[in-house]
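[1] Any chance you could fold what I've pasted below:
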Amino acid sequence: MSSVWLPCGDYHQNYSQDQGWWQTTLIQFKMLTLLAVAFIGCPWALPQDWHWVAWVFAALGVVLGLVKIIADPPRLKGEWVLFPFILAVLLLYRLPDYYLSVLVMIGYYSMGALGVQLLIGYTGLITLGHAAFIAVGAYVSALMVLYFHWPRFIIDAGLAYPISIIVAGVIAGFWSILFGLPSAKVKGFYLILTTMAAQFITVDFILTQYVAQIGGRGQAFSLPPGTIKVGPWVIDSDVKVYVMMAGILTLMVAFVANLLRSRVGRAWVAIRDNDIAAETMGINIVTYKLMAFFVAGFLGGVTGAFWLSNTAALSPEHFPWFLSLWLVGIILIGGVGSIHGAILGSLFMVLITESLQWGVLPLTDYYDEIANTLDPGRFKLMLDWLVPKLLMDFAYIKEMVFGLAICAFLIFEPNGLSYRWWQTKNYFNLWPFSY
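    Residues are numbered from 1 along each chain as shown. Okay, the predicted model is just below:
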């Protein structure tokens with residue numbers, strides 16, 4: 001059954017309509033606007049000499065508006081009149097590089113959280129070691145790019161890194177199956193211990209003690225400029241990293257969303273709800289559980305391979321156990337059992353930590369300006385101790401806020417941000433009959 005609520009009088013006539021993504025013109029308009037903002041508005045802006053293109057789109061919007069007012073064709077909905085104006089604005093402005101880097105981190109955590117969401121939210125398999133599979137993907141991709149002897153035509157075509165992304169995902173998927181095998185016999189607390197073992201065995205032992213030593217590089221793989229290349233484009237700027245992130249995240253969301261609508265996705269949900277009932281219905285729960293681990297590991301491997309484009313040196317320290325906890329916390333905050341939850345939770349946590357940084361770091365400059373104006377005394381001594389202490393302990397403050405956010409959402413909003421987003425979205429989709 002479709003999860004989209006339609007206005008009164010609109011109904012589905014076949015299964016394709018019932019399972020369609022963009023089921024109304026308003027939803028189509030919103031999604032195309034979102035894609036335009038993500039791929040045009042954020043990273044790009046027209047040069048001064050090309051601003052006339054934006055004015056052409058604005059003129060097209062005026063023409064469509066006049067046609068809507070005068071002729072009112074039934075196929076021309078009111079929202080599409082606004083679309084050329086939106087494109088015109090998006091073509092004139094772009095985000096500064098700092099905000100693009102923030103969006104890259106949101107996308108990175110969203111990609112990592114999708115695999116965790118697939119296991120916990122849709123299959124009911126709790127994992128606390130997903131960072132291990134992200135690390136496997138990152139190191140497989142790095143080794144292939146740096147050490148594999150590619151044919152010359154592949155290097156010239158810029159295909160080494162894209163191929164390494166796919167291979168990294170596949171290897172990370174099979175590595176995930178290895179630690180998912182106990183799910184055939186155990187679940188709950190015991191499965192948590194198994195996934196934790198994946199983290200310590202993979203990152204703390206294999207990668208740190210052996211793989212990271214390849215090539216005599218110590219603990220880090222340095223990535224020379226020009227190493228990460230997709231086709232003719234060298235990924236060497238915040239804009240290119242952002243575009244790559246947006247493209248990969250879009251493909252991953254489409255892949256997971258389609259998979260969940262298939263027979264496999266319905267089997268996962270049945271196992272999550274009641275594995276005994278699912279097995280009674282003829283579902284091979286061991287096969288589907290291992291399939292879930294493979295897909296989650298594949299998504300994690302692709303996430304780790306993407307991380308290469310955003311770092312100059314790859315180290316096991318990039319994949320601590322806290323990253324696994326962070327990803328679980330993201331889906332708890334965003335909403336368990338929702339693709340939106342992985343993205344909204346990442347958005348919330350990154351913006352919260354960045355807001356803390358905006359609030360704490362300027363304290364030093366401000367305090368240096370006013371310190372000499374304060375009267376000596378107990379209050380000034382306390383500030384002299386507190387301000388440097390806040391800066392030194394900033395990482396721990398972020399962890400404290402992370403824990404407090406999880407507690408607050410579990411108490412006051414256990415369904416997560418995705419539930420509120422679902423309510424808000426349906427209000428506008430059903431307007432003016434939003435009750």
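
[2] How is the chain divided into domains?
    23-92, 97-334, 351-430 (automatic domain parsing).

[3] Measure how far the first one is from the centre of its chain, please.
    In terms of CA atoms, centre = their mean, to the nearest Å, the gap separating the centre of domain 23-92 from the centre of its chain is 27 Å.

[4] so can I have TSV of the domains of the chain showing mean neighbour count?
    Glycine gets a C-beta too; all of them are placed from N, C-alpha and C. What follows is the domains of the chain, written out as TSV (neighbours: other CB atoms under 10 Å):
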stretch	mean neighbour count
domain 23-92	15
domain 97-334	19
domain 351-430	13
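
[5] Adding mean pLDDT and distance to residue 342, write these out as TSV.
    Listed next are those as TSV, based on pLDDT from 0 to 100; distance: least, CB to CB, whole Å:
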stretch	mean pLDDT	distance to residue 342
domain 23-92	84	16
domain 97-334	90	4
domain 351-430	72	9
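
[6] quick one, which of those is nearest to residue 10?
    When the domains of the chain are compared for distance to residue 10 using CB to CB, the nearest one is domain 23-92, at 7.2 Å.

[7] what about that closest one, start to end distance?
    With CA to CA, to the nearest Å as the measure, domain 23-92 spans 31 Å from end to end.

[8] could you pull out the helices for the stretch 301-435 of the chain?
    Secondary structure of the stretch 301-435 of the chain by DSSP state H, counting those that start in this stretch: the helices cover 321-334, 339-360, 362-370, 378-392, 394-412, 417-430.

[9] Next, the angle helix 339-360 makes with the first one.
    Read that as helix 321-334. Compare the direction of helix 321-334 with that of helix 339-360 by axes from the mean of the first three to the mean of the last three CA atoms, to 10 degrees and you get 110 degrees.

[10] Between helix 417-430 and helix 321-334, find me the angle.
    40 degrees.

[11] could you say what helices and strands helix 321-334 packs with?
    With contacts taken as 3 or more CB pairs under 8 Å, 6 or more residues apart in numbering; DSSP states H and E, helix 321-334 sits against helix 97-116, helix 130-147, helix 189-199, helix 339-360, helix 394-412, helix 417-430.

[12] Make CSV from those and add distance to residue 210 to it.
    Formatted as CSV, the helices and strands packed on helix 321-334 follow (distance: least, CB to CB, whole Å):
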stretch, distance to residue 210
helix 97-116, 24
helix 130-147, 11
helix 189-199, 16
helix 339-360, 32
helix 394-412, 28
helix 417-430, 40
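
[13] which one of those helices lies closest to residue 220?
    Nearest of these (CB to CB): helix 130-147, 10.2 Å.

[14] Give me the helices and strands touching that closest one, please.
    Using 3+ CB pairs under 8 Å, 6+ apart: helix 130-147 touches helix 97-116, helix 160-180, helix 189-199, strand 221-222, helix 285-307, strand 313-314, helix 321-334.

[15] Mind checking what helix or strand follows it in sequence?
    Next in sequence after helix 130-147, counting helices and strands by DSSP states H and E, comes helix 152-157.

[16] what sits up against that following helix?
    With CB atoms under 8 Å, 6 or more residues apart in numbering as the test, helix 152-157 has contacts from 160, 163, 231.

[17] Look up how far residue 248 lies from the most centrally placed residue in the chain.
    With distances taken as CA atoms, centre = their mean, the residue of the chain nearest its centroid is residue 110 (1.5 Å). For residue 110, the distance to residue 248 equals 10 Å [CB to CB, to the nearest Å].

[18] before we move on, the earlier item: I'd like to know which of the helices and strands packed on helix 321-334 lies nearest to residue 78.
    helix 417-430 (13.5 Å).

[19] how much does the closest one deviate in direction from helix 394-412?
    60 degrees.

[20] Relative to the whole chain's centre, how far out is helix 417-430?
    20 Å.

[21] Restricting the selection to alpha carbons, write stretch 238-258 to PDB.
    Only the C-alpha atoms of stretch 238-258 are listed here, as PDB (Å, rounded to 0.1, in the frame of the first residue of the first chain):
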ATOM      1  CA  ASP A 238      35.200  21.700  -2.600                       C
ATOM      2  CA  VAL A 239      32.800  22.200  -5.500                       C
ATOM      3  CA  LYS A 240      33.800  19.000  -7.200                       C
ATOM      4  CA  VAL A 241      33.800  17.000  -4.000                       C
ATOM      5  CA  TYR A 242      30.300  18.300  -3.300                       C
ATOM      6  CA  VAL A 243      29.000  17.400  -6.800                       C
ATOM      7  CA  MET A 244      30.400  13.900  -6.500                       C
ATOM      8  CA  MET A 245      28.900  13.500  -3.000                       C
ATOM      9  CA  ALA A 246      25.500  14.700  -4.300                       C
ATOM     10  CA  GLY A 247      25.600  12.300  -7.200                       C
ATOM     11  CA  ILE A 248      26.600   9.200  -5.200                       C
ATOM     12  CA  LEU A 249      24.100  10.000  -2.400                       C
ATOM     13  CA  THR A 250      21.300  10.400  -5.000                       C
ATOM     14  CA  LEU A 251      22.200   7.000  -6.600                       C
ATOM     15  CA  MET A 252      22.400   5.300  -3.200                       C
ATOM     16  CA  VAL A 253      19.000   6.700  -2.100                       C
ATOM     17  CA  ALA A 254      17.400   5.600  -5.400                       C
ATOM     18  CA  PHE A 255      19.000   2.200  -5.100                       C
ATOM     19  CA  VAL A 256      17.800   1.600  -1.500                       C
ATOM     20  CA  ALA A 257      14.300   3.000  -2.200                       C
ATOM     21  CA  ASN A 258      13.800   0.700  -5.200                       C
END
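
[22] Tell me which residues are up against it.
    21, 35, 38-39, 42-44, 97, 100-101, 103-104, 107-108, 110-111, 114, 118, 230, 233-235, 299, 302, 306, 309-310, 339, 343.

[23] Please apply the same query to stretch 262-280.
    For stretch 262-280, the surrounding residues in contact (CB under 8 Å, 6+ apart) are 118, 121-124, 187, 259-260, 281, 283, 285, 288-289, 291-292, 337.

[24] any idea how far the residue lying closest to residue 328 once chain neighbours are set aside is from residue 352?
    Closest residue to residue 328 apart from its sequence neighbours, by CB to CB, 6 or more residues apart in numbering: residue 116 at 6.0 Å. With distances taken as CB to CB, residue 116 is found 19 Å from residue 352.
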